[in-house]
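# Sequence plus the predicted model coming up.
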Amino acid sequence: MLGFAHKVAVDSAAIDESDYASLREHGFSEEDIWDIGAITAFFALSNRMANLIGMRPNDDSIRWVGPANQLLVRNGV
């Protein structure tokens with residue numbers, strides 16, 4: 001499932017029937033496969049758009065992630 005999600009995010013043109021077959025063999029339904037693809041594609045799009053405009057997390061989000069990650073966020077990592 002993670003391999004498929006990665007492929008959706010970085011190389012969606014390479015997805016073929018074997019990708020779907022592998023997911024089905026592991027018990028994923030057609031609806032599950034759609035959900036995996038749709039959620040992955042949405043996150044890929046929204047993260048790229050946020051990076052495009054230089055959007056940073058709001059202060060509440062920074063407080064929520066804890067001190068170690070706050071430092072990373074403040075330094076643009």
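Great, that's in hand.
# can you list the weak-confidence ranges in the protein?
61-73, 75-77 (pLDDT under 70).
# What are the contacting residues of the longest helix that it contains?
Using DSSP state H to define each element, the chain has its longest helix at helix 30-52. With C-beta atoms under 8 Å, 6 or more residues apart in numbering as the contact definition, helix 30-52 has outside contacts at Met1, Phe4, Ala5, Val8, Ala9, Ser12, Tyr20, Leu23, Arg24, Phe28, Met55. All C-beta atoms are positioned from the backbone trio N, CA, C, and that covers glycine.
# Okay, the residue nearest to the first one when sequence neighbours are not counted and Asp59: tell me how far apart.
Spelled out, that is Met1. Distances taken as C-beta to C-beta, 6 or more residues apart in numbering put Ile36 closest to Met1, at 6.1 Å, once the chain neighbours are dropped. With distances taken as C-beta to C-beta, to the nearest Å, Ile36 is found 32 Å from Asp59.
# So for these two, which residue has more residues nearby?
Per other C-beta atoms under 10 Å, whichever of Ile36 and Asp59 has more neighbours is Ile36, with 17 against 8.
# re earlier: including secondary structure, could the contacts of helix 30-52 go into TSV?
Shown next, in TSV, are the contacts of helix 30-52 (DSSP: H, G, I helix; E, B strand; the rest coil):
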residue	secondary structure
Met1	coil
Phe4	helix
Ala5	helix
Val8	helix
Ala9	helix
Ser12	helix
Tyr20	helix
Leu23	helix
Arg24	helix
Phe28	coil
Met55	coil
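# Among those residues, name the buried ones.
Phe4, Ala5, Val8, Ala9, Leu23, Phe28 (16 or more other C-beta atoms under 10 Å).
# shouldn't the first one be in contact with Asp16?
No: with contacts defined as C-beta atoms under 8 Å, Phe4 does not count as touching Asp16, sitting 11.2 Å away.
# Quick one: residues contacting Lys7.
Applying C-beta under 8 Å, 6+ apart, the residues contacting Lys7 are Ala14, Ile15, Asp19.
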